[in-house]
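J.: I would like to see how this sequence folds:
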Amino acid sequence: MSAASGYPLLVEDFSPGFHAATVSNRLPPGATPDAKNAWFHQVGFTPKRATMGRRPGDRLINPTAMSLGDRVEALFEFRQRGANPKLLAICDGLLYAFDGIDAFVAQTIAIWTPGEPVRVSMFRENVLLVDGTVNKRWNGAAAFDLGTIAPTAAPALATAAGPGVTGTYEGYGVWYDPVMDHESSPSATSAQVVFANQARQWTKPAGAPGAEYTHWRIYVRRVDTNELNFYRAATEPIASATLTENTSDTARRDLGPQANDNDPPSAPFAMIGEWNGFGIGVEPDSDEFVVSKQGDLQSWHPKHRFPVNRGSGTPTTTAKPYGEEYLLQKDSGTWRLIGTKVPFICRKVVGSFGNVAYDASMEIGSQYWGWDREKGPYVTDLVTWRALDEGRLKNFLATITPTALHKIRIGHVPSERIVFWAVPVGGASRTRVLLPYQYELDAWLPPIEGLEYSAFCTFTDPTSATLATYAGDEWGRVHRLFIGDRQSVPTTNPMSTLTGTATAATASTITDAGAAFYTTGSGLAGLPVAVRSPAGDWQWRRIASNTGTVLTLDTVNGAPFSPAPAAGWTYYVGGIEWYQWTPVLDVGDPFLEKLLHDLHIAALAPTSALALSVDVRVNGDLASVRPTLEFAFSAGSGGVWGVSTWGSAVWGGAAQRPSKQSLGRTVESVQFRFRNFTPDARVILSAYALGADPNVRRRSVGGA
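T.: Presented below is the predicted three-dimensional model:
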């Protein structure tokens, strides 16, 4: 290349990632100081190297919302033996299952509280779902309360014709669910009755158990021999009002429960999990945790509750397993459970790292990722705790809404080795920004914008056997993340309008009289829309609602157009706003004047005739951006680099294309902003370089 151009090509390594630093010319080479929606498309590790360009889009998997304009409160994978896994969602208090095609199907009546986050724990091929107001169990077909109360009165006991037992007996009853092998706590004890080779006749105890409790059981104790415990004598269908049995003392083998042993939770849980066979529950705004019977997450003794740093005045935000540990966290502090039986010891691990919300932390591999109130994102193995901002993200973290930290959500993209947090910024309470971290490169990617995120999960599609990351939004919809080139646009047959020319417009509306915008359900609500003036200026906003011909912006959570577009402007629905500024280029001396010659670009262009916009900013002039340069990556002559005619060429194949443009400017320092806004036309930047000659006779006053 140097023979063709006269200047060396400095192949950029973007693996240092995104650094929101105040002094951009001190960034590591290749680091991006200001960017949005950029992505590592190709990553190498020996040595570390990455190409960068616009991120992949997202795919809308249910164009018709589960519930119009309602937040998806939970998204999770559900597995049972002998059945394909299901992708489940909670929206507007109702449970839905993905049909594998393009819709979520309602599973039960509305039982959760609309607007409240739902937390999930698996238990014996059932899933437990709690939201701070109700505790429910779902078995794949129906939902039930978590546990049941004891019978409200003792069973009546009387003698019946023998042969039978001899002695003085008393007993109590319980409700029994044979599918889950779960029984309630015992009723009150019956009166004592003397038997002389007679059968025992029982009347079913009073009460109204749930429909899943299809039987009642009787436990008996012999009083005249001072028997200490009650043992099971019989199990009877719930429809039977009476039961006659003559089970001998030696045949009664199964020990009965003690009072309150199998009580349902005494209050709704805000979060629930399992550790060493015990259920661990935390009630809303509580600094205590509650423990279930081992092996039975439907039985919670009311006395089995214990404090987490009692007296601190702050509630527990997180209770979840990590490896063999179980962590209890507040917004700035972490404790672990120790022991194998109740009562457990709750011991502090660290007082300077906590977690602001249950959904803001996750175990990935052997590490635990969370978000502390003061330190922001971090990673730990419980020995070493490392804040991930490391001074690089201070500017960005300062924009996060402090009163909405409880809405931060974490997600994972296993195929890309990326962990990300959805965060509310700029005073807004909605989580519209993803902050992604590439943990193999140990580098931040630039912030991602596109949707209004409310819940995340990874799910393996049983049809394609593909593991992917899914997100729920504020509009009752679910999206598969980071696939394709558009931002979650719904389509019909024929395809709905995505691009066109406005026939009229205001600061908050775009009208296209000939359009056929998607209007089913929530329509295009929550999706991005861009407008481009005839002069080439872009604006990006978010749609609140639409008709078949008019798009209306969300000006409650965002700004109107400024300046307002007009008839003749081009609009794009679902386009992704991508840009990245380079670090300051000053040839090692910010005070020495340089004569710029050429800007060289090498990019992966999937098709010919694609354009890359390049803006120029010189000498630290943040307020002024020079006129945009357009790099057109045409098919060229098919030559190999160094042989073909300069200007546009193919480099080593049909996809890798270099280009250059003459600059002819004298500056001290320069930055370039790369952009490629047009939907379905992604350009991946692999290298750029600046041809410049130092002017040794020209230094700024006071230069070092």
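J.: Just say helix, strand or coil for Y96.
T.: strand (DSSP: H, G, I helix; E, B strand; the rest coil).
J.: neighbours of it, just the number please.
T.: Counted with other CB atoms under 10 Å, the neighbours of Y96 add up to 25. The way it works is simple: take the backbone N, C-alpha and C, and place the C-beta from them, glycine included.
J.: From what I see, it and A106 are in contact.
T.: Yes. When contacts are counted by CB atoms under 8 Å, Y96 is listed as touching A106 (5.7 Å).
J.: Can you find the helix or strand of this structure with the lowest average pLDDT?
T.: helix 2-5 (a mean of 33; mean pLDDT, DSSP states H and E).
J.: Centre of the chain to the helix or strand following that one, how far?
T.: Next along the chain after helix 2-5, taking DSSP states H and E as the criterion, comes strand 34-36. The chain centroid and the centroid of strand 34-36 are separated by 22 Å, computed with CA atoms, centre = their mean, to the nearest Å.
J.: And stretch 480-494, by the same measure?
T.: 19 Å.
J.: Could you pull up the residues touching the closest residue to G411 other than its chain neighbours?
T.: Among residues not flanking G411 along the chain, F456 sits closest, at 3.5 Å (CB to CB, 6 or more residues apart in numbering). By CB atoms under 8 Å, 6 or more residues apart in numbering, the residues touching F456 are 75, 409-412, 422, 469-472.
J.: quick one: the closest residue to P47 other than its chain neighbours from T64, how far?
T.: Of all residues not flanking P47 in the chain, D13 sits nearest, at 7.7 Å (CB to CB, 6+ apart). Using CB to CB, to the nearest Å, D13 is found at 45 Å from T64.
J.: between those two, which one's more packed in?
T.: Taking neighbours as other CB under 10 Å, D13 and T64 compare with D13 leading, 18 against 14.
J.: residues contacting that one?
T.: Neighbouring residues of D13 by CB under 8 Å, 6+ apart: 29-30, 47-50.
J.: quick one: it from G279, how far?
T.: According to CB to CB, D13 and G279 sit 49 Å apart.
J.: I'd like the distance between A110 and G472.
T.: 17 Å.
J.: out of the two, which sits in the busier spot?
T.: G472 (27 against 13).
J.: The closest residue to V349 other than its chain neighbours and V667, how far apart?
T.: Excluding the flanking residues, the one nearest V349 by CB to CB, 6+ apart is T334, at 4.5 Å. Using CB to CB, T334 is found at 50 Å from V667.
J.: More neighbours: which of the two?
T.: For T334 and V667, the more surrounded residue by other CB under 10 Å is T334, and the numbers stand at 25 against 18.
J.: Quick one: residues in contact with the host helix or strand of the more buried one.
T.: Using DSSP H and E, T334 sits within strand 333-338. Outside strand 333-338, the residues that touch it by CB under 8 Å, 6+ apart are 275, 280, 308-309, 312, 325-329, 344-355, 382.
J.: continuing past that strand, what's the next helix or strand?
T.: Downstream of strand 333-338 (by DSSP H and E), the next one is strand 345-350.
J.: Run the angle between that following strand and strand 333-338 for me.
T.: 140 degrees (axes from the mean of the first three to the mean of the last three CA atoms, to 10 degrees).
J.: Spatially central residue in the protein, please.
T.: F456 (2.7 Å; CA atoms, centre = their mean).
J.: Now the phi/psi pair for that residue, please.
T.: phi -140, psi 150 (degrees, to the nearest 10).
J.: Make sure Y322 is actually in contact with M362.
T.: No. The pair Y322 and M362 fails to qualify as a contact (CB under 8 Å) at a distance of 9.4 Å.
J.: what residues are shared contacts of those two?
T.: With CB under 8 Å, 6+ apart, Y322 and M362 have common neighbours Y368.
J.: returning to what we had before: of the contacts of D13, just the buried ones, ChimeraX syntax please.
T.: Buried residues within the contacts of D13, by 16 or more other CB atoms under 10 Å, are selected in ChimeraX with:
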select :30,48,49,50
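J.: remind me which residues of the stretch 401-550 of the chain are low pLDDT?
T.: Within the stretch 401-550 of the chain, the stretches with pLDDT under 70 are 493.
J.: so where do the strands sit in the stretch 301-450 of the chain?
T.: Under the criterion DSSP state E, counting those that start in this stretch, the stretch 301-450 of the chain carries strands at the ranges 305-307, 318-322, 325-330, 333-338, 345-350, 362-364, 367-372, 376-380, 385-387, 409-413, 418-423, 431-438, 443-444, 448-461.
J.: Show me what the third one is packed up against.
T.: If I follow you right, that is strand 325-330. strand 318-322, strand 333-338 (3 or more CB pairs under 8 Å, 6 or more residues apart in numbering; DSSP states H and E).
J.: Adding mean pLDDT and distance to T497, write those strands out as TSV.
T.: As requested, these are arranged in TSV below (pLDDT from 0 to 100; distance: least, CB to CB, whole Å):
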stretch	mean pLDDT	distance to T497
strand 318-322	96	45
strand 333-338	95	51
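J.: what about those strands, which gets the closest to G210?
T.: Nearest to G210 among the helices and strands packed on strand 325-330 is strand 318-322 (26.3 Å), distances taken as CB to CB.
J.: can you list contacts of the closest one?
T.: Contacts for strand 318-322 (CB under 8 Å, 6+ apart): 271-275, 280-282, 289, 326-329, 354-355, 357-358, 360-361, 363, 368, 370, 382.
J.: just the buried members of the residues you listed?
T.: 271-275, 280-282, 289, 326-329, 354-355, 357-358, 360-361, 363, 368, 370.
J.: For the helices and strands packed on strand 325-330, could you give me TSV that also reports distance to V194?
T.: Below are the helices and strands packed on strand 325-330 laid out as TSV (distance: least, CB to CB, whole Å):
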stretch	distance to V194
strand 318-322	51
strand 333-338	49
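J.: closest one to L527 among the ones you listed?
T.: strand 318-322 (32.1 Å).
J.: Roughly how far does the closest residue to G351 other than its chain neighbours sit from I364?
T.: The shortest distance from G351 to any residue other than its chain neighbours is 5.0 Å, reached at G333 (CB to CB, 6+ apart). Here G333 is placed at a distance of 22 Å from I364 (CB to CB).
J.: what about those two, which has more around it?
T.: The neighbour comparison of G333 against I364 (other CB under 10 Å) goes to G333, with 23 against 15.
J.: What residues are bridge-paired with the more buried one?
T.: Beta-bridge pairing of G333 under DSSP bridges involves K330.
J.: and the host helix or strand of P694, which strands flank it?
T.: P694 belongs to strand 684-699 when assigned by DSSP H and E. Partners of strand 684-699 in the sheet, by DSSP bridges, are strand 48-54 (antiparallel), strand 592-604 (antiparallel).
J.: Make CSV out of the ones you listed and add mean pLDDT and distance to N262.
T.: Shown next, in CSV, are the strands paired with strand 684-699 (pLDDT from 0 to 100; distance: least, CB to CB, whole Å):
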stretch, mean pLDDT, distance to N262
strand 48-54, 87, 56
strand 592-604, 82, 62
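J.: Give me whichever of those strands is most buried.
T.: Mean neighbour count (mean count of other CB atoms under 10 Å) peaks for strand 48-54 among the strands paired with strand 684-699, with a mean of 22.
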